[in-house]
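S.K.: Need the 3D shape of this:
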Amino acid sequence: MTGIAGLNKKNNFVLVIRDADVVAAALGQALAGASAEDRPGLERAAALVASTAAATDTQLRASWVRSRWAAVGFTGDITSVAAVKALRQAEPKLSLLAAVQLQNEAVAHPA
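M.R.: Below is the predicted model:
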């Protein structure tokens, strides 16, 4: 998830969109007709999709928050005010309330 469509200061939520089932089905079809040399890469991709599909919405949001911090080079204490500021720097349309809620999810679900 690289961005949040429709995010503005009036919306204090982050919607997680899951399409792992579609990707898993496509990988399954690709595996069915895969050559011996393509099979290991497709099997690894299928395993990654399965592990992502098993993650909760909160875990996915926490992962997204960490990716946004990385995008702005934040490496400090994720429980700090600076972390909220960095998150809002990465996503300027994020409200303060939403940034704090997302920060709390990232704290609760470390990488």
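S.K.: Would you mind giving both backbone torsions of A55?
M.R.: Dihedral pair for A55: phi -70, psi 150, per degrees, to the nearest 10.
S.K.: Ok, G73 next?
M.R.: phi 80, psi 20.
S.K.: Next one: it from S63, what distance?
M.R.: According to Cβ to Cβ, to the nearest Å, G73 stands 18 Å off from S63. In short, each C-beta sits where N, CA and C put it, glycine included.
S.K.: These two: which has the busier surroundings?
M.R.: Shown here are G73 and S63; by other Cβ atoms under 10 Å, S63 has more neighbours (17 against 10).
S.K.: Spell out for me which residue occupies the centre of this protein.
M.R.: The C-alpha lying nearest the average C-alpha coordinate of the chain belongs to W64 (Cα atoms, centre = their mean; 3.4 Å).
S.K.: Report pLDDT for that one.
M.R.: At W64, the model reports a pLDDT of 92.
S.K.: got any ranges where this protein has weak pLDDT?
M.R.: 1-16 (pLDDT under 70).
S.K.: Can you identify each of the helices in it by residue range?
M.R.: Along the chain, counting by DSSP state H, helices occupy 20-32, 39-54, 57-71, 81-90, 96-108.
S.K.: What residues sit buried inside the fourth one?
M.R.: Neighbour counts using 16 or more other Cβ atoms under 10 Å place 83-84, 86-90 of helix 81-90 among the buried residues.
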